[in-house]
Each structure stands twice: as structure tokens, then as C-alpha cells.
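J.: Give the three-dimensional model of this entry:
(chains A and B)
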Amino acid sequence: MKRDWAAADVAATGGKLLKLALLPLCLLAPVTAVALEVDELIRHMDKLWRGNTSAAVMTMTVNTRRYQRTMTMEAWSRGKDYSLVVVRKPIKDKDVATLKVEENIWNYLPKINRVTKIPASMMSGSWMGSHFTNDDLVKESTFEDDYASSITFEGERGGQAIYEITAIPNPDAAVVWGKVIINFEQTSLAPLQALYFDEEGLLVRTMTFDQAREIDGRLTPMRMRLQPEDKPEESTTIIYEKIDFDVPLEASFFSLQNLKRRR
Amino acid sequence: MTSNLAMFVFIAWRNIWRYPIRSLLTVFALAGGLIIVILYSVLLEGMTRQMVTYATDMSTGHLQLHRRAFIDDQDLYATLPWSYLNAAETALPAASVAPRLYAAGLASAQASSTGVLIKAVDAAREPRATRLLDSVRSGTAELGPASDSTDGLPRANVVVGTQLAKNLKLQVDSELILVTQAADGSIGNGLFRVAAILKPVDTAFDRTGVLMSIDTYQSLMSLDSGFHELAVKTPDAENLGTGQALLQQTLERLAREQPLDELGGAAVVRNWREINPTISDMLKLSQSMVVVIGFIVVSLASLGMLNTMLMAVHERTHEFGILLAIGMKSRWLMVMVLIESFLLALISAAIGAALGTWLGRYLQTHGIDFSGTMPDGYDWAGMSFEPVMRGYLDPGHVVNACLIMTLVAMLSSLLPSWRTVRLKPAEVMR
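T.: Predicted coordinates for the structure are as follows:
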């Protein structure tokens, strides 16, 4: 029974995974032209959906062989370590909330009025029946430490000028992917696609980005779609309806007390 | 011929008691070996019977019915419609059937949480098919609605495995939170009261098992399309083939009348040997182990027999020479020595079987009690055993052990008896 619930920060999930994918070299890479490019891309990616702080409203649609469901959620984030997501619709899951602080995830469940922490053994479980896992949220914070990224392709592909970044996990990193490849459009630097490979080098899932909109001078994709490779008829799609950056949010906003209160 | 034989039996019997101490020592060595073999088979048979009991009576039942996709990857949606339950009951009126549902979840209590296997059972049908709900260590195995929590939220009763209770520090009356992914993709969650803690069932269940009623499961999981598993206890445990075939026929008829959805696959009937191939293999292995160990022990004891008979033949060389000289056929001498060995083996078998049976019966009624050092019993090959190791005396095994012993003893006396054939009277009488 490989199914868990999870509670997670979907706001972050879609986008931040990727942002993080790119951070590792910031501190260590030698100052060469290529390293600067990677560095720039990483910084750009990191700002796309998050900024310093963010508040967003989004809908997530999950399509599986067995069910289809759509949820509307509100999400807040501060830096890469703090995020809070509260489900607004449907009624059945209303006020279910997820708090992520660093590598910890807690759920608030209004029906039983309890907060539960996701244990390490449940991190690979799916979140809310979607194709995202809890681990996707947590690993986001450590992506820079876990992966070494470099630009592996620069030029035209499929009629678009792109940058391709390949992130390889560091030998001692506790991660599930063997390789992550991310493509960006060259002029706008908007991400187009992220490919996740397992340790044998087989493609496991694909995330595609589109419906880019200009926010704070950056072209930000408003829709992301995660597609597992082994179940072609299934997918999870997240659409940002509204996203505001640099809203005032203190670290204390992301507390267990607020998790329970924030309904 | 027969009168000759009777005479030789008489002479052989007298010969044995020419040196009573030597003969008795031989008898004790052989009887001791036989007793060891009998006790070994008693204990092993006791263990395997306990294993089979655990494999069937405890929770598996004799036959089980699932959808293919549930067997392959515990597909939550691979349910059998409820009409199959009635059909199975009609097809096997003498059997007891128990429907079950499963799900994975996260259980939290106070500060700790862990992954669990949720198992829903029918409180009325389950006790007729298995002893799962009877093996309660503390509390009472009641399922269904419980008293409200302190903050006035509704709760339902659950029964938990022994190791899970230990890991989450649960006692009877403790509160447990279960969170899971329901069938409609939502977060299934609920508050529960621990009504009872079970005795060890099997290692996996002890560590992760949470039992609840089917109603509770359906509201937690938003899944009421059917059940995942049907455990069947048939009255004739030795002959499962007929029941299995009957059930399979019923399923085929049902599948034609009301086809199942394709994703879950066909309905499959399996017997407990197919479900637990390791246990079934282990049973076969233990049978051959008794034979091998028995053979080794008896062979060692038979070396005593070999020694005795070699001595007996050696010191009677002169006597044999005279017998041969006055016209005794050498093959009759050989027969006489063989009869001596046979009589020794027979006495040993009688004593060994009597003592072995007596000790075996003691082990069967009293067992060996390890509860001082292992109050929870012990785990072996993924199964939990009671702390009292009880034997089982199978008369057939005693007979087999006696036969093996006699056979080996006779084989070992071939060498001394063969020597008598080669005796030359002129040489040995000198």
C-alpha cells in the first residue's frame, strides 16, 4: 500500500523544486563565464515564484485512473525554509493546512482538530493524492547542497533558443533522483521543462511550464504540469491564479500555533 | 526349515545373554539414539503444527480470495463487490468466510508517529473464520463507535498489534490519530480509541497492524465498493482442493454474470500454501530434516552394535569352527548372527519407542517453557511462536524411527555376520 497522504506545500512544490535545482554552485563554483551563467539562472529561478516572501492563490488538479479532483489553495512562503498552505476548496478538505519549516512538515486536520508531523518514513508518500511527494517539498530546501549543476546545452532546440541545465546529485546527498535536467528559454529565462531521472538514467517524470505572465519584470510561468512517465494518463496540474511578492510575513507566521489558527 | 529358524532364534537369544552387560550397553546406545530421534521429530512436528496453525487459524484462513491487482501491488481500488461475499457463503455452506479491507496510513499518538497497515474486519464473521480477534493481550476486542474525545470529537475503536503499541506507547484507552489517503484522493483522517492490544500474530502485523470495523474503514477511506480479501476456513483442512475448485467455479460464474472492472484484474482463489510458500517449503524441509538427522544419530548408535557383534563373532571363532566341523552350514551361522543383531535391535526399539513415546507425550502436554526468558514468545522465519514450545507426537513418526533404527542396525551387522561365512574350520580350530 504505497499511498500516504502528505501534507505539503504545494505552492512551493511546483516551482521551487526547480528553483532549488539550480542553487548548488553559488558558493563553490570558480568564477568562470559558465559558472556565472548557471549562477544567474539559479538566482533567476529562485525568484520566479518566491521572491523574498510570497502569497499566492492556486488551483491544483489531479488526474488519476481512479479519480479527478481539483483543489483551491492559499499559500505563503518566506525564504526557502518557510511555507504554509491552506486548502480552501473543496468543502471536504477545507482548512486542511500544511506547514513546512526547514525539513519538517506538519499537517493540520480540522476534522479531528489535530496537528500531525510527517515522519521520515512517510516522506516519499504522495501529497493530497497528487503526484508530488512530501520529499519534493523538503528536498527543495537542500537542493543547492544536494546537487551540482552545470549548463550542458545552449542553442536552438524544437524551434526555441534554450539553456539546458543538468543537475547531478553530490555523492553523499540523500536524494531520490539520479539526474535532473531543466530547460530555459534564452531571452526571457522562463523555465520550459524539467526532467527527472532515476539512478539508472531512466526518465521518471516530466514537469512542463507554460502560460507565462510578466510579474515584477520577470516572465513567470503560471501553469505547471507534472507527468509521471509510467502512467501516461495521469497528471497533476498547478495553476497560479494570483501571486504577490514581498508581502510582509514574519518567521513567526510559520508556527504550529498559526497552523492551527489559520483557518 | 521353520523349526531350524525357531531353534536359531532360541540360540541367538541365549547368546545375547552370555554377556548381559555388553548387550545391555548396546541396547541402551541404540534406544538412546531412537529416543533422541523421536523427541526431535516430536518437537519439530510441534513447531510445524504451530506454524500451520499460525499460518491458517490466526489470520490467513485456509483459502483466500482477492483481485489480481490487489495481490500484485495492494491496489486500494481492486475490490470485490459485496455480492461476492454472499455468493461465497452460498457456494461453501459448511465454511466460514470473513471479508477484509486494507489500507496504508500514518498513526500518531502523543509525540510519535509511524506508518501502519489498516485492516478492517467484520466483527461478526471474523471470529468464526480466524482467531485474530481472540488473541487479545489486554482490553476487549470491540470494534465500532467509541466514547467521544475530551474535546468532544467522535471516535471509533481500534485494536492494535503488540509491537505497534510498544512503539507508540499505547495502552488500552489511549487515543490514536490515523491519517491516510482516501479513495477519492482526499486526506482521510480520524480519531480512534485503542480498545485492545493483541498478542503476537506475525512480525509484520505486530509492528504495523491496526484493526477496525468495516463501517469505520468505509467512512475513513471513502471506499464502499466492496472488500479486498475474503478469508475462508473450510471444515476439511487436509483436503483444500475441492473447496478451492468450487469457489473458483462460483467466481467464474459471477464474473460472467456481473463482469468486474478491468483495472483490478480477475478474482483469484489461493490456498494458504500458495499464500505462504515459505511455510509450506519449511514444512517439507523439516520432514526431510527429521530423516537426515535421525539417520545420523542412529548410524552413530549403530557403531556400538557393530562393535558388539564384531566382538561376539571374534570370541566365538573357535566355537563356530567346531560347529562348522560337525556339519553346520556356514550360511546358517550367518543367519544366527543376523538374528542376534535383529533381537538386539528389537529390544532397543521396544525400549526406545516406549521411553520416547512417554517423553514425547510429556512434551506434548507440558512443552518446554521459555516464558521466563521470552515472555512474548519468539520470532522465527517471520512468524511469532508462543513462549511454550509444545511437541506433537505422531505415532507414524515413532514407527518410522524404529524402522530406520532397525534397518541401520541390521546394515551394520552385515560385516560381522559376513565374517562367519568366510571362517575356515581347520584354521580356526587350531
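J.: ok, now which ones touch the nearest residue to B:Gly144 once chain neighbours are set aside?
T.: Spatial nearest neighbour of B:Gly144, excluding adjacent residues (Cβ to Cβ, 6 or more residues apart in numbering or on different chains): B:Ser213 at 5.1 Å. In this view, the C-beta of every residue, glycine as well, is placed from N, C-alpha and C. The neighbourhood of B:Ser213, defined by Cβ atoms under 8 Å, 6 or more residues apart in numbering or on different chains, consists of B:120-123, B:143-144, B:156-157.
J.: And for B:Leu346?
T.: Contact analysis of B:Leu346 by Cβ under 8 Å, 6+ apart lists B:Thr406.
J.: Could you check which helix or strand contains it?
T.: For B:Leu346, the element it lies in under DSSP states H and E is helix B:330-365.
J.: ditto for A:Pro221
T.: Here A:Pro221, judged by DSSP H and E, is contained in strand A:218-228.
J.: Can you name the residues of the stretch 201-350 of chain B sitting close to chain A?
T.: B:Leu263 (Cβ under 8 Å from any Cβ of the partner chain).
J.: ok, back up a step: would you mind checking the average pLDDT for the strand holding A:Pro221?
T.: The average pLDDT for strand A:218-228 rounds to 89.
J.: what's it in contact with?
T.: Here strand A:218-228 makes contact (Cβ under 8 Å, 6+ apart) with A:14-15, A:44, A:47-49, A:130-132, A:188-191, A:204-214, A:234-240, A:243.
J.: quick one, what contacts residue 174?
T.: Using chain A. A:Asp146.
J.: Chain B was what I was after
T.: Contacts of B:Ser174 by Cβ under 8 Å, 6+ apart are B:109, B:193-194.
J.: Tally up the residues packed near B:Ser413, please.
T.: 26 (other Cβ atoms under 10 Å in any protein chain shown).
J.: max-length strand in the chain?
T.: Reading this off chain A. Of all the elements of type strand in chain A, the one with the most residues (DSSP state E) is strand A:203-215.
J.: oops, I was thinking of chain B
T.: With secondary structure taken from DSSP E, chain B has its longest strand at strand B:96-109.
J.: elements contacting it?
T.: Contacts defined by 3 or more Cβ pairs under 8 Å, 6 or more residues apart in numbering or on different chains; DSSP states H and E place strand B:96-109 against strand A:114-117, helix B:83-91, strand B:112-121, helix B:126-129, strand B:175-181, helix B:214-221, strand B:229-233.
J.: can you tell me the average pLDDT over the last one?
T.: Read it as strand B:229-233. Throughout strand B:229-233, pLDDT has a mean value of 89.
J.: How far away from the center of its chain is the following helix or strand past it?
T.: For strand B:229-233, the following helix or strand on the C-terminal side (DSSP H and E) is helix B:240-257. Its chain's C-alpha centre and that of helix B:240-257 lie 28 Å apart, by Cα atoms, centre = their mean, to the nearest Å.
J.: Now do helix B:240-257 against strand B:96-109, angle only.
T.: Interaxial angle of helix B:240-257 relative to strand B:96-109 (axes from the mean of the first three to the mean of the last three Cα atoms, to 10 degrees): 80 degrees.
J.: okay, helix B:240-257 in PDB with CA atoms only?
T.: Provided in PDB are the C-alpha atoms of helix B:240-257 (Å, rounded to 0.1, in the frame of the first residue of the first chain):
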ATOM      1  CA  LEU B 240      -8.500 -27.900   0.300                       C
ATOM      2  CA  GLY B 241      -8.600 -28.800  -3.400                       C
ATOM      3  CA  THR B 242     -12.400 -29.400  -3.500                       C
ATOM      4  CA  GLY B 243     -13.300 -26.200  -1.800                       C
ATOM      5  CA  GLN B 244     -10.900 -24.200  -3.900                       C
ATOM      6  CA  ALA B 245     -12.200 -25.600  -7.100                       C
ATOM      7  CA  LEU B 246     -15.800 -25.000  -6.000                       C
ATOM      8  CA  LEU B 247     -15.000 -21.400  -5.200                       C
ATOM      9  CA  GLN B 248     -13.200 -20.900  -8.400                       C
ATOM     10  CA  GLN B 249     -16.200 -22.200 -10.300                       C
ATOM     11  CA  THR B 250     -18.500 -19.800  -8.500                       C
ATOM     12  CA  LEU B 251     -16.200 -16.900  -9.300                       C
ATOM     13  CA  GLU B 252     -16.100 -17.700 -13.000                       C
ATOM     14  CA  ARG B 253     -19.900 -17.800 -13.000                       C
ATOM     15  CA  LEU B 254     -20.100 -14.500 -11.100                       C
ATOM     16  CA  ALA B 255     -17.600 -12.900 -13.500                       C
ATOM     17  CA  ARG B 256     -19.800 -13.800 -16.400                       C
ATOM     18  CA  GLU B 257     -23.000 -12.500 -14.700                       C
END
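J.: Going by neighbour count, which residues in the following helix or strand past it are buried?
T.: Using DSSP H and E, the helix or strand that follows helix B:240-257 towards the C-terminus is strand B:267-271. Under the neighbour-count criterion of 16 or more other Cβ atoms under 10 Å in any protein chain shown, strand B:267-271 has B:267, B:269, B:271 buried.
J.: Show me what strand B:267-271 is in contact with.
T.: Defining contact as Cβ under 8 Å, 6+ apart, one finds that strand B:267-271 is touched by B:62-68, B:71, B:80, B:84, B:240, B:244, B:247-248, B:251, B:254-255, B:260.
J.: can you do 7 Å?
T.: For strand B:267-271, the surrounding residues in contact (Cβ atoms under 7 Å, 6 or more residues apart in numbering or on different chains) are B:62-68, B:71, B:80, B:240, B:244, B:247-248, B:251, B:255, B:260.
J.: what angle do it and helix B:83-91 make?
T.: Using the same axes, to 10 degrees, the inter-axis angle of strand B:267-271 relative to helix B:83-91 is 50 degrees.
J.: in its sheet, what does strand B:267-271 sit against?
T.: Sheet pairing of strand B:267-271 (DSSP bridges) gives strand B:63-67 (antiparallel).
J.: quick one on the thing from earlier: the strand holding A:Pro221 pairs with which strands, parallel or anti?
T.: strand A:203-215 (antiparallel), strand A:235-245 (antiparallel).
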